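1. Following is a predicted model, sequence given first.
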Number of protein chains: 2
Amino acid sequence: MTNLFANRVLNNDTSDLNEVFKNSANPGNISFAGGFPDPQFFPKADLEQAYRDAIEDDGQGIFQYSSTQGLPALRQKIANRMADHADVHVSADNVLLTQGGQQAIDLVAKLLLNHGDAMAIEGPTYMGALAAFDTYEPTYYEIPVDDDGMNIQQLQRTLQAHPEIKLIYTIPDFHNPTGTTMSSERRKALVDLANQYDVIILEDSPYRDLRYSGHSVPSIKHYDTEGRVIFISSFSKILSPALRTGWMVADDDIMKELVNLKSASDVQSPNITLAAINTYLDHHDIDTHIATISNAYRTKRDAMLSALDRYFPKNVHYTRPAGGFFIWVTLPTGVDAKELLNDVVIPEAHVAYVPSACQFASRQVKNGFRLNFTNLDETTITRGIKQLGAILQPARLMTAPTDKLAVQF
Amino acid sequence: MTNLFANRVLNNDTSDLNEVFKNSANPGNISFAGGFPDPQFFPKADLEQAYRDAIEDDGQGIFQYSSTQGLPALRQKIANRMADHADVHVSADNVLLTQGGQQAIDLVAKLLLNHGDAMAIEGPTYMGALAAFDTYEPTYYEIPVDDDGMNIQQLQRTLQAHPEIKLIYTIPDFHNPTGTTMSSERRKALVDLANQYDVIILEDSPYRDLRYSGHSVPSIKHYDTEGRVIFISSFSKILSPALRTGWMVADDDIMKELVNLKSASDVQSPNITLAAINTYLDHHDIDTHIATISNAYRTKRDAMLSALDRYFPKNVHYTRPAGGFFIWVTLPTGVDAKELLNDVVIPEAHVAYVPSACQFASRQVKNGFRLNFTNLDETTITRGIKQLGAILQPARLMTAPTDKLAVQF
C-alpha cells in the first residue's frame, strides 16, 4: 500500500526522532532529551476546579459546536496579555486558538507554502517545526544562530540571493534548541528585511514568559509595521501541555485565511478546554504561577550550568540561556553526536540527549546536541551531566580535523 | 500580503459556506442548515463528574505530554466497540485518536494526496470533507449517490477510465448530506474494486450508531481483505462535539504514517479530554445514552418527514433516511437552491438550509439542499417545513427545461 503514499510521506524519514524518544523513555536512563515541564507544578486542584466551574457556569451549551476561532472571552484575555507581555496591541479578532503551538505552525505552513516554495529557517531549530514544514515540502535556506539569535547579516545575504523566499521562521525567545534570545536590534532589523523583501515572519515564542535572568525584550510582532509578523505562543509550557492550547496573533487578511484553514483541519478546538482555561484565568493570577515555575526552573538551569562548568572538558562549548527549557552543546568538529549517543553515551553513561542532525533542516550538522533541564531534579541533573562529562573527555572523543557544517557557536 | 498565500488558499472560495452559516446563525430564522446535535441530551453531570474523576485518578500526570496515538485504555475500548458495532476486529494499536473526524480526514488527505492526485468522491458529499481535501488540491472524480449509497457501476467506469485514482472517500451510513445508507452488496463490491484498482477507501462513519429504523449493515472495513480501508468515526454525534474527539482505524503500515502525520500536525490530542471520555465510558453504558438520543431523533425525523409529505409539492423529491442527521431535497431541474435561499426563502419564509452546490466537488449541481432535523423541536420543524413548502409551490419556482448536472435522485 505504501506505493500510494504522497511524496511528503515517502521522502520523510522520522526514524531518527523515533529512536531518540524511545531511548529517552527507557527508565534506566537519565533523559535530557524531552522538552517536558516539571509535572509537580501543574496546578491540578485549580484546573480540576476550573473544569467544574466552566461546565457548571456554561451548562449544556459548553458541549455544543462553537466558533472555529475559539472562545471570545479567552481570546480577549490573550489580546490583553499580548499588550502587557509582548508590547503588541491587537483585538480579540486577531487571536486564533489552536491545538498547541504545533497546529499554529502547521496552519502557517498550509497558508503559505506550495510544494518547493522557499523559506528561511534557523539552524538549528525546533524539530517539531521541521516535521510540520516538511509535510509541505518547502525549499529550506538555513540561517545560523548565535548568542544574539538568528544571524541577520547571513539572512540578508540569503534574501538577496533568493528573493523568492516567502517565510522566515524564528524562535526569538530562549530558542529551541540553543536557549539564546534575539536582541532587540536584530528584531527590528528582521522586520525591516521582511518589509524590504516582501516576506512573512513566523515568530514562535512558547518560552517567552519563562525568563530566569536579564530583561525582557519586545516581541518581533511589536516592531511589525506592515502586518507581516504572525506570533505564536502556547499554554503548554506555562500551564499544561495536555490542554493542547496555543494561540496565534495575526493581522486581518492573514487571520481570515488561518481561520478557514483551521476549520478545514479540525473544525475548532475543544470548547470545554478553552472554557476551563478561561475560568482558571478568571480565578487565578497566572503570572504568580509563572513566577513559581520560573524560580524552580532557574534553580535547575543553574544546577545544570554548574555541573557543565565542573564536569565538561574545555573543548566542549555550551550556551548559557537566560530562560526557557534548553542548553545547546557543541562538540569538537568531526564528532558525530548521534553515533556517540548510541555507541557510548546511552550504553555507558546511561544518559540521553537529542543529537543535532534532526534539528537542522539540512540534517547535516552532527557535532551538537540539546539538553533539557526542566523535567529533572537538581541531583539527577548533576549526576547525569557528570556521567556525560566523563564520556566527553578529549581522550574518548574521535574527532576529524575539519567540518565545514559545524555549529556556529 | 495575499500575494504570498499558497495556491490552495488563493484558489479556495469559502464565501458560500460562510454566508450559509451567517444566515443560519440569525435567530430570526428557523435554521435547518447546521449539523448540530440537540444540546439537551449532552450528559452534562456525567461528563462533569468524568473530568473530575479522571483528574483525581490520574493526578499530576494527566497534565503532562502523553502519546501521539492517544490514551491506550480509550483506544482499547474503541477497538472493542469496533468489534461489537462494526464487525471489525483490530487491536488498540490500530486505533488513532484525532481532533474529531475532521482531523482524521485531513490526515488521510495528507497521507495520500500530492498536488493533482486523483480521488473519487461522492456527489453530493460532506462539505467539511471537501474543505479538508481542497487544501491538498486533488483532482476529483464525482460519483453519484442513490438510495443504496454510492453508485458502484459508475465508480467502476471511473476507476477503469482513471486508473491513477488513489483514494475513494465515502460516507456509507446515513450519508451526509443525503441520509442514505450503502447496501452490504455495494460495500463488498466497493472493496473488490479497491483491490482490483489498487485504491485506498476512506470510510467516514460518524452517524453509524444513530439508526432509527431498519437493520445495521457491516462496515466497509469489515469486508477489507488487503488493509485498504481506513475507518473514521467520532464522539461528536453520540456524546458531544465540544470534546473534539474522533478516531480512525487502519492497518499497521498506514497507521504508522498517520501517527507521524498527527505528530507533525498537533503533537497529540488533549490527554485530559481523552481521560475524561475514558472515565465516562468506565462508569456509563454509552449505548443506553445512544438509545435515548436515537429515540428523540427518530421522533424529529418523523416530524420532518410528515411535514414534508404534507407541505411540499409533488415535484419536489426528498430522501427518507433510516438514521443520521439529514434529509436531502431535490428541486425541479433548473432551480438554483442558493439563489432561491437568498432571494426568497430567507427573506420570506425565514428558513435556512444548505444549498447543494457547495456540497459537490464540482460545485455545479444547484437544484438541491440539505435539511437537518436533530437540533430543533418537532413544532419548530413542522412550522419551518410549512413555511418552506409554501415557497416551493410550482407557481413560485422558476424552472429551466434541462439541467444535465441535476442531482441523481
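-> Sure thing, it's come through. Residues are numbered from 1 along each chain as shown, chains lettered A, B, ... in the order given.

2. Counting neighbours, what do you get for A:T333?
-> A:T333: 16 surrounding residues under other Cβ atoms under 10 Å in any protein chain shown. For glycine as for every other residue, the C-beta is placed from the backbone atoms N, C-alpha and C.

3. cool, A:A395 as well?
-> A:A395 has 5 nearby residues by other Cβ under 10 Å.

4. cool, and A:P347?
-> 10.

5. And it, how close does it get to A:T380?
-> Distance of A:P347 to A:T380, given as Cβ to Cβ, to the nearest Å: 19 Å.

6. Could you do A:V344 as well?
-> From A:V344 to A:T380 the distance is 20 Å (Cβ to Cβ).

7. Local confidence estimate at A:N18?
-> A:N18 carries a pLDDT value of 70.

8. which SSE is it in?
-> A:N18 belongs to helix A:15-25 when elements are defined using DSSP states H and E.

9. Just give me the neighbour total for A:A6.
-> Applying other Cβ under 10 Å, I find that A:A6 has 22 neighbouring residues.

10. Can you list the low-confidence ranges for chain A?
-> Applying pLDDT under 70 to chain A picks out residues A:15-17, A:20-21, A:23-24, A:398-409.

11. helices and strands around the strand ranked longest in it, which ones?
-> The longest strand of chain A (DSSP state E) is strand A:139-146. If you count contacts as 3 or more Cβ pairs under 8 Å, 6 or more residues apart in numbering or on different chains; DSSP states H and E, strand A:139-146 packs onto strand A:118-123, helix A:152-161.

12. and B:N151, which of the ones you listed is closest to it?
-> Closest to B:N151 of the helices and strands packed on strand A:139-146 is strand A:118-123 (Cβ to Cβ; 43.8 Å).

13. Give the other helices and strands that the closest one contacts.
-> Using 3+ Cβ pairs under 8 Å, 6+ apart: strand A:118-123 touches helix A:127-134, strand A:139-146, helix A:152-161, strand A:165-170.

14. Pick the most deeply packed of these.
-> Of all the helices and strands packed on strand A:118-123, strand A:165-170 carries the top mean neighbour count, a mean of 25, counting by mean count of other Cβ atoms under 10 Å in any protein chain shown.

15. That one and chain B in contact?
-> Yes - using Cβ under 8 Å from any Cβ of the partner chain, strand A:165-170 reaches chain B at A:K166, A:L167.

16. Now do that strand: distance to the chain's middle.
-> With Cα atoms, centre = their mean, to the nearest Å as the basis, strand A:165-170 stands 16 Å off its chain's centre.

17. Give the next helix or strand downstream of that strand.
-> That would be, after strand A:165-170 and using DSSP H and E, helix A:184-197.

18. Now that next one: buried residues?
-> Buried residues in helix A:184-197, counting neighbours by 16 or more other Cβ atoms under 10 Å in any protein chain shown, are found at A:S184, A:R186, A:R187, A:A189, A:L190, A:V191, A:L193, A:A194, A:Y197.

19. would you list those residues in a markdown table and tack on distance to A:Q102?
-> Listed next are the buried residues of helix A:184-197 as a markdown table, based on distance: Cβ to Cβ, whole Å:
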| residue | distance to A:Q102 |
| --- | --- |
| A:S184 | 27 |
| A:R186 | 25 |
| A:R187 | 23 |
| A:A189 | 28 |
| A:L190 | 23 |
| A:V191 | 25 |
| A:L193 | 26 |
| A:A194 | 23 |
| A:Y197 | 27 |
